[in-house]
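Colleague: please work out how this folds:
(one chain, ligands or ions: 1)
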Amino acid sequence: MKNSRRQFVKNSALLIPAVRYVNLPAKEGSGKPVVVSTWDSGVIANAAAWPVLLDQGRAIDAVEQAGIAIENDINCCVGLGGNPDRDGYVTLDACIMDDQANCGSVAFLERIKHPVSVARKVMEETPHVMLVGIGAQQFAVEQGFPLEPQTLSPEAEKAYKKWLLDANYEPVINIERTQSKKGKGPYAPARFDDGSFNHDTMGTIALDGGGALSGMCTTSGMGFKMRGRVGDSPIIGSGLFVDNEVGAAVATGQGEEVIRVSGCHLVVELMRNGRTPQEACEQAVERIIKRDREKARSFQVAFIALGKNGSIGAFAVQKGFNYTISNGEIEGQVVDAKSFFG
Ligand code: GLY
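Modeller: Okay, the predicted model is just below:
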């Protein structure tokens with residue numbers, strides 16, 4: 001079975017040469033490296049990415065290192081330490097994209113510690129862009145990734161038990177519309193006591209010294225989601241997009257709302273049409289809010305963007321989103337993003 005699957009992948013690679021991974025050396029350039037990550041946990045991500053860029057490494061290697069570092073952090077809301085779905089299983093989504101539009105993605109992946117690296121293997125070792133579920137897990141194991149035990153981190157287990165008590169737990173379609181006691185309205189994720197939103201997604205975008213842009217996004221998805229639910233994070237164009245002529249963008253927050261507008265592709269296209277990264281993030285958020293302003297009061301979405309010239313933008317629906325910058329002048333600096341709703 002395993003062998004025939006390998007043979008299939010091999011054959012597919014021969015049949016579809018146009019989508020094979022393209023590995024071009026980074027172009028010579030005098031640009032200064034920049035790395036930007038979502039949230040203050042971006043300090044951990046940037047600390048892993050920055051040495052790669054300083055060492056004249058490629059942006060794609062830098063963003064993968066950022067993803068690995070954050071997936072290693074059991075206290076972060078991504079990776080196997082994240083919150084489980086409503087049935088108690090942690091399911092992971094991730095994607096990665098380079099300056100040549102090579103991209104790879106995994107979704108609904110269980111028991112694998114580094115989905116970002118599996119996504120990179122999908123990009124480099126298969127003719128496909130996206131693998132999901134048991135197929136993604138099987139591919140990961142074939143690529144040498146260990147199958148981890150199906151357990152919850154102590155924090156996630158505590159949160160899950162609490163959620164089971166608080167929430168009206170009925171695993172039926174649209175149960176996610178049930179109001180949690182912690183949040184208001186449909187799709188309300190957990191909030192911190194100060195009113196800011198919890199988060200579950202880490203994204204990093206980087207520009208290397210050779211002028212190449214790359215990005216990655218990794219998440220355990222919305223806590224206590226329906227089993228099988230996949231958000232924006234593994235979807236190229238929604239949770240992440242890189243166009244080396246223009247810029248890169250990555251999203252965090254309520255994935256369904258990002259998907260509806262192909263969020264990160266929208267941000268990059270706005271930049272192509274002359275908007276700065278900041279203006280592009282603002283207009284993409286406004287597009288989401290315009291659809292249903294009242295509903296938008298109950299969820300968080302945020303974008304960060306990076307232009308070819310190293311300029312940075314960020315904007316969120318709600319207050320409470322921050323991001324982390326390293327660019328040679330500042331290293332691992334956390335900045336509060338502006339938001340639509342004060
Ligand atoms: N942005 C992560 C998710 O909605 O799954």
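Colleague: mind checking the SS state of Cys264?
Modeller: Secondary structure of Cys264, reduced to three states by DSSP: H, G, I helix; E, B strand; the rest coil: helix.
Colleague: what residues does this structure have near the ligand?
Modeller: 200-201, 219, 221-222, 231-233, 252-255 (Cβ under 6 Å from any ligand atom). (C-beta placed from N, C-alpha, C; glycine too.)
Colleague: which residue ranges form the helices in this protein?
Modeller: Counting by DSSP state H, one finds helices in the chain at the ranges 2-15, 42-54, 59-72, 115-125, 133-142, 154-166, 255-260, 263-272, 277-291, 293-296.
Colleague: what about those helices, which gets the closest to Lys308?
Modeller: Of all the helices of the chain, it is helix 263-272 that lies closest to Lys308, at 8.8 Å by Cβ to Cβ.
Colleague: packing partners of that closest one?
Modeller: Using 3 or more Cβ pairs under 8 Å, 6 or more residues apart in numbering; DSSP states H and E as the contact criterion, the neighbours of helix 263-272 among helices and strands are strand 240-243, strand 247-253, helix 277-291, strand 301-307.
Colleague: for Gly209, find the nearest of these.
Modeller: When the helices and strands packed on helix 263-272 are ranked by proximity to Gly209, the top entry is strand 301-307, at 14.3 Å, counting by Cβ to Cβ.
Colleague: now Gly332. Its backbone dihedrals?
Modeller: In terms of degrees, to the nearest 10, the main-chain angles of Gly332 are phi 70, psi 30.
Colleague: again with Asn309
Modeller: On the backbone of Asn309 - angles per degrees, to the nearest 10 - the values are phi -90, psi 10.
Colleague: which residue packs closest to it, ignoring adjacent ones?
Modeller: Setting aside the residues directly before and after it, Asn309 is nearest to Gly31 in space (Cβ to Cβ, 6 or more residues apart in numbering), at 7.9 Å.
Colleague: what about the residue of the stretch 1-150 of the chain found nearest the ligand, distance to Trp163?
Modeller: Closest approach of the stretch 1-150 of the chain to the ligand (Cβ to the nearest ligand atom) occurs at Asp93, with a separation of 6.2 Å. Shown here: Asp93 relative to Trp163, a distance of 20 Å by Cβ to Cβ, to the nearest Å.
Colleague: the residue nearest the centre of the chain pairs with what?
Modeller: In the chain, the C-alpha closest to the average C-alpha coordinate belongs to Cys217, at a distance of 2.3 Å (Cα atoms, centre = their mean). Beta-bridge partners recorded for Cys217 (DSSP bridges): Cys95, Gly203.
Colleague: wait, it touches Pro234, no?
Modeller: Yes. Contact criterion Cβ atoms under 8 Å: Cys217 and Pro234 qualify, at 7.4 Å.
Colleague: list the residues that contact both of the two?
Modeller: Applying Cβ atoms under 8 Å, 6 or more residues apart in numbering, one finds that Cys217 and Pro234 are jointly contacted by 94-95.
Colleague: returning to what we had before: can you pull the pLDDT of the residue nearest to the centre of the chain?
Modeller: Here, the pLDDT recorded for Cys217 equals 98.
Colleague: mind listing what it touches?
Modeller: When contacts are counted by Cβ under 8 Å, 6+ apart, Cys217 is found next to 94-96, 201-203, 233-234, 239-240, 250-251.
Colleague: give me the lowest-pLDDT entry from the residues you listed.
Modeller: Taking pLDDT as the measure, the contacts of Cys217 have their low point at Thr201 (90).
Colleague: hang on, the earlier thing: you'd agree the residue of the stretch 1-150 of the chain closest to the ligand is up against Val118?
Modeller: No. Under the criterion of Cβ under 8 Å, Asp93 is not in contact with Val118, lying 10.8 Å apart.
Colleague: higher neighbour count, the two?
Modeller: The residue with more neighbours, out of Asp93 and Val118 and counting by other Cβ atoms under 10 Å, is Asp93; that gives 30 against 26.
Colleague: I'd like to know how far that one sits from Lys319.
Modeller: When Cβ to Cβ is the yardstick, Asp93 and Lys319 sit 26 Å from each other.
Colleague: for the stretch 151-300 of the chain, which spans come out with low pLDDT?
Modeller: Applying pLDDT under 70 to the stretch 151-300 of the chain flags the ranges 168-200.
Colleague: now with 90?
Modeller: Low-confidence segments of the stretch 151-300 of the chain (pLDDT under 90): 153-156, 158-160, 162-200, 222-224, 298-299.
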